[in-house]
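Engineer: Generate coordinates for the sequence data below:
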Amino acid sequence: MLSYSFCNKKKLVVFFFLTLALFYIPASALASKAYITDQFRISLRRGPTIENKILRFLPSGSPVMIIQDTDQGWSEVRTLSPDQKQIEGWVLSRYLIHRQPFKNQTEALKEKNKELQLELKKAGQTISKNEKTISDLSAKLKTAEEKFKETKQKYNKLKHDSNNLFKLQENFQNLKTEYEQTLTEKKQIKEKRYHQWMGVGALILISGFIVGLIGGKKEKKIKRRGYL
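Structural biologist: Residues are numbered from 1 along each chain as shown. Model prediction:
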């Protein structure tokens, strides 16, 4: 009996010092983040036994901070859900996992999928907008090409007409020069003819005068002969 009592006291002393040591160890050194396992929900109790009062039911995927673990399979935790008030309690350690629960991963993937779908939709809208812009630009380019073609045709016609105009002006200038030369020649011919006619007239007058003189002399001779 004495030996049994001594052993129990020894265990109590060891437990006492272990408890003091736990109190002196910083909480950050013991604390680690965990998640409620892939179950529907578990109970958060006031103490590390099922006889303790249930403080709250924690659904699967709820994040908690592990404060300490016991050898009896219980863990003291602090809830970390941002939508709930943080409280401390005890849960069975077997329901804690250090990876993201599949539910959380699924929700995260769903959210990521929504983001990707939204980005895909925006990308599709951007592509549609760009395609419309390209279509509008193509239509404007086609209109511009048609106007350019029409303008080029007008320019070529104008250039051709201009060349014709230059030729007409050149022909007109040549004709004008020829006309002026013709007028000059005609004037010269008229003056020459005038002088010719003047010469002819002078010759006629001189001839008439000579003929008159001759006739007068013959008439005097006849009269003289008649008187004789």
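Engineer: Show me how the protein divides into domains.
Structural biologist: The record's domain split for the chain, according to automatic domain parsing, is 18-97, 100-188.
Engineer: Same list (these) but as a markdown table, adding mean neighbour count and mean pLDDT.
Structural biologist: Bear in mind the C-beta positions are built from the backbone N, C-alpha and C, glycine included. Shown next, in a markdown table, are those (neighbours: other CB atoms under 10 Å; pLDDT from 0 to 100):
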| stretch | mean neighbour count | mean pLDDT |
| --- | --- | --- |
| domain 18-97 | 15 | 81 |
| domain 100-188 | 11 | 81 |
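Engineer: For Gly208, find the nearest of the ones you listed.
Structural biologist: Gly208 lies closest to domain 100-188 among these, at 29.7 Å (CB to CB).
Engineer: and the closest one, how far from the chain's centre?
Structural biologist: 19 Å (CA atoms, centre = their mean, to the nearest Å).
Engineer: same thing with stretch 32-51?
Structural biologist: Distance of stretch 32-51 from the chain centroid (CA atoms, centre = their mean) equals 57 Å.
Engineer: repeat for stretch 90-110
Structural biologist: Per CA atoms, centre = their mean, the centroid offset for stretch 90-110 relative to its chain is 46 Å.
Engineer: pull the CA atoms of it into PDB?
Structural biologist: What follows is stretch 90-110 as a C-alpha-only set of coordinates in PDB (Å, rounded to 0.1, in the frame of the first residue of the first chain):
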ATOM      1  CA  TRP A  90     -11.900  21.300 -26.500                       C
ATOM      2  CA  VAL A  91     -12.300  19.000 -29.500                       C
ATOM      3  CA  LEU A  92     -11.300  15.400 -30.200                       C
ATOM      4  CA  SER A  93      -7.800  15.500 -31.800                       C
ATOM      5  CA  ARG A  94      -8.700  12.900 -34.400                       C
ATOM      6  CA  TYR A  95     -11.100  15.400 -36.000                       C
ATOM      7  CA  LEU A  96      -8.300  17.900 -36.700                       C
ATOM      8  CA  ILE A  97      -6.300  17.900 -39.800                       C
ATOM      9  CA  HIS A  98      -3.500  20.200 -40.900                       C
ATOM     10  CA  ARG A  99      -4.400  20.300 -44.600                       C
ATOM     11  CA  GLN A 100      -7.200  22.200 -46.200                       C
ATOM     12  CA  PRO A 101     -10.400  20.000 -46.100                       C
ATOM     13  CA  PHE A 102     -11.700  18.800 -49.400                       C
ATOM     14  CA  LYS A 103     -14.800  20.900 -48.800                       C
ATOM     15  CA  ASN A 104     -12.700  24.100 -48.500                       C
ATOM     16  CA  GLN A 105     -10.600  23.100 -51.500                       C
ATOM     17  CA  THR A 106     -13.800  22.500 -53.400                       C
ATOM     18  CA  GLU A 107     -15.200  25.800 -52.400                       C
ATOM     19  CA  ALA A 108     -11.900  27.500 -53.300                       C
ATOM     20  CA  LEU A 109     -11.900  25.800 -56.600                       C
ATOM     21  CA  LYS A 110     -15.500  26.900 -57.200                       C
END
